[in-house]
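Participant: Here's my sequence, what's the structure:
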Amino acid sequence: MIGPWDTAPRRLLGLAAYFALYIGLDWISLIDPIGVVAITPWNPPAGLSFALLLRHGLRFVPPVFAAVVMADVLLHGLSPAPVATLASAAIIAGGYGLAAWLLRRRFGVSASLGSLHDLLIVLAAALVATGVVAVAAVAVFVAAGLLVWPDVPAALQRFWVGDIIGIAVLSPFLLLHGPASRPIRLPPPRAALEFAGQFAAILLGLWAMFFYETDHFELSYLLFLPLVWIALRGGLKGATWGIVATQLGLVLAIQLKGYGADVVTQFQMLMLAVATTGLFLGAVVDERRRVDAWLKAHEAELAQSARLTTMGEMAAALAHELNQPLTALIAFARACEGVLRAPGADPAAARERAAALIGDAVQQAVRAGDLIRGAREFMRPDDMRRAAMPVARMAATVLELVRPEATLGGVRIEARVEPGVPEVLVDPIQVEQVMLNLLRNAIVAMRESPRREIVLAAAPSATEPGFVEIAVSDTGPGFPPDLEGRLFRPFSASRAGMGLGLAICRAIVEAQGGRIWSPARAGGAEVRFTLPCAPGAAA
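Facilitator: Below you'll find the model as predicted:
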């Protein structure tokens, strides 16, 4: 158990590390500064502070204020101007602290940048906050006589560029790879080789830009290519590594070439575009992976639902088929028992023996019937989780799940959900299972058809007010005429199989409160079913 004497030294050690890192980053970023205020187009301390403010909230504003004052006094020679030093530190710490507080409290942004929305909001807030802080801080420097008016435009540009680059490059990296994240583990050899290739591509792009005989910005696209590779493979976390490596390499190349502040600012604007592209692409890749994982899970849930429903229908069908012979067996056995017990029959010993055996048979037969009925009741799809659900959302989910099968079979599927279709009150998993079964049946039925098209349509029911009607139609051979009237019964297969697919669909739809049927159709097959509208929805 950790007590106060254990936590206080750890906090002091963390603050000391922050101050040392802040001053160290401020020192290495002094590239062609403007005047005594030392405004540069690269300011990684802003990214360090913004990340910690976003993670720890307003309680970290005082350490940021102290770090800015220490760096100004030790590195920028501002000790003779204490008012300006304290005022600029308050602007920086308070401005970024307020931005971080708004992001956390008003916009609900997670410090782990768990979504593309969070990343967009953070970068937008940083864009505004750095501009406001730059204007306020430069105004303080001008009022204190530390900047002259001719230097103000360049100072504003460099201050804003330096801070926004520092935040865009360093803050996401620290938030995703800081102490609160999962520990860093050595990658397997194959992944390590890929990482080496990615960083080699970054170095090659920087070499081509700075040391090849050409206009430096002509080959600026080479900085984007490695980031695209890294983001596509590693998502947002991978992109932050690539962005930090690119920024460090860019700064090192600028130092080696000895460029002035104007050229450095241009390169930093390019780096802002590179960083933003890498971050957005990495976040989109992560979003896509989360959606795929939810679909690879949703499909498993649908499969589980299908298995349970299939077992329920099988139990129901078997119980229906077996109850009659079992009932007859019980009746015959009891009649036989009565005959054997009648006077004038065989000797008593034989009669008692036969009665005992027949009684055992009756008990086993009754037990078998009870087991089958119990299985039927247990497996029936009665445990539904009803919710108001848009038909279009369920249709989109099912189309995404069945798309690989349709593509493999050369089938084109079109969804036609009329605008204004009301929400339905159903168990979405089971209704999606119905749609999935019907679409898969249609895909299989059209294997030999020259034209392979399926339409999934939904509209308010024209004959049943308060219901939505959904139809699945195809261009296949249609249902055989001999199945008319028993299409939705168990074991009425029109092809190889158990014939439970449409029976399952019927059981689910009826359990939802709707009905299912197959209207007569000149070409192809069509199945229609209805679902009840949610309360308050207008059909």
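Participant: Give me the residue ranges of the stretch 101-250 of the chain where confidence is low.
Facilitator: Residue ranges of the stretch 101-250 of the chain with pLDDT under 70: 178-187, 213-217.
Participant: for the host helix or strand of Ser49, which positions count as buried?
Facilitator: Here Ser49, judged by DSSP states H and E, is contained in helix 44-56. Within helix 44-56, the residues that count as buried by 16 or more other C-beta atoms under 10 Å are 44-55. Every residue, glycine included, has its C-beta placed from N, CA and C.
Participant: What of stretch 102-112?
Facilitator: The neighbour-count check on stretch 102-112 (16+ other C-beta under 10 Å) flags 103-104, 109, 111 as buried.
Participant: Which ones among those map onto helices?
Facilitator: Among the buried residues of stretch 102-112, the members falling in helices (DSSP state H) are 103-104.
Participant: Turn the buried residues of stretch 102-112 into TSV, columns for distance to Tyr18.
Facilitator: What follows is the buried residues of stretch 102-112, written out as TSV (distance: C-beta to C-beta, whole Å):
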residue	distance to Tyr18
Leu103	20
Arg104	19
Val109	22
Ala111	16
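Participant: quick one, what contacts Leu176?
Facilitator: For Leu176, the contact set (C-beta atoms under 8 Å, 6 or more residues apart in numbering) comprises 112-113, 236-237, 240.
Participant: Go through these and give me the one with the most neighbours.
Facilitator: Tallying neighbours with other C-beta atoms under 10 Å puts Thr240 at the head of the contacts of Leu176, with 27 neighbours.
Participant: My guess is Cys505 contacts Ser518. True?
Facilitator: No - look at Cys505 against Ser518 with C-beta atoms under 8 Å: they stay out of range, at 10.6 Å.
Participant: neighbour count winner among the two?
Facilitator: For the pair Cys505 and Ser518, the greater number of neighbours falls to Cys505 (26 against 17), based on other C-beta under 10 Å.
Participant: In a strand, the more buried one, correct?
Facilitator: No - counting by DSSP: H, G, I helix; E, B strand; the rest coil, Cys505 is not found in a strand; it is helix.
Participant: which residues sit in contact with it?
Facilitator: Per C-beta under 8 Å, 6+ apart, neighbours of Cys505: 434, 437-438, 488, 516, 527, 529.
Participant: run the last query once more with 6 Å
Facilitator: Applying C-beta atoms under 6 Å, 6 or more residues apart in numbering to Cys505 gives the contacts 434, 437.
Participant: I'd like the distance between it and Thr85.
Facilitator: According to C-beta to C-beta, to the nearest Å, Cys505 stands 75 Å off from Thr85.
Participant: likewise Leu170?
Facilitator: Counting by C-beta to C-beta, the gap from Leu170 to Thr85 is 24 Å.
Participant: More neighbours: which of these two?
Facilitator: Shown here are Leu170 and Thr85; by other C-beta under 10 Å, Leu170 has more neighbours (25 against 22).
Participant: Let me see the contact set for the more buried one.
Facilitator: The contact partners of Leu170, taken as C-beta under 6 Å, 6+ apart, are 44, 47.
Participant: any idea which helix or strand comes after the helix or strand where it lies?
Facilitator: Element membership for Leu170, per DSSP H and E: helix 152-177. Heading C-terminal from helix 152-177, the first helix or strand you meet, by DSSP H and E, is helix 189-211.
Participant: how about the strands of the protein, start to end?
Facilitator: With strands called from DSSP state E, the chain shows them at 387-389, 412-417, 424-426, 453-460, 467-474, 516-517, 526-532.
Participant: so what does the first one touch, helix or strand wise?
Facilitator: So the one you mean is strand 387-389. For strand 387-389, there is no helix or strand it packs on, judged by 3 or more C-beta pairs under 6 Å, 6 or more residues apart in numbering; DSSP states H and E.
Participant: Stretch 386-396 - what's its average pLDDT?
Facilitator: Stretch 386-396 carries an average pLDDT of 91.
Participant: for it, which positions count as buried?
Facilitator: By neighbour count with 16+ other C-beta under 10 Å, stretch 386-396 contains the buried residues 389-391, 394-395.
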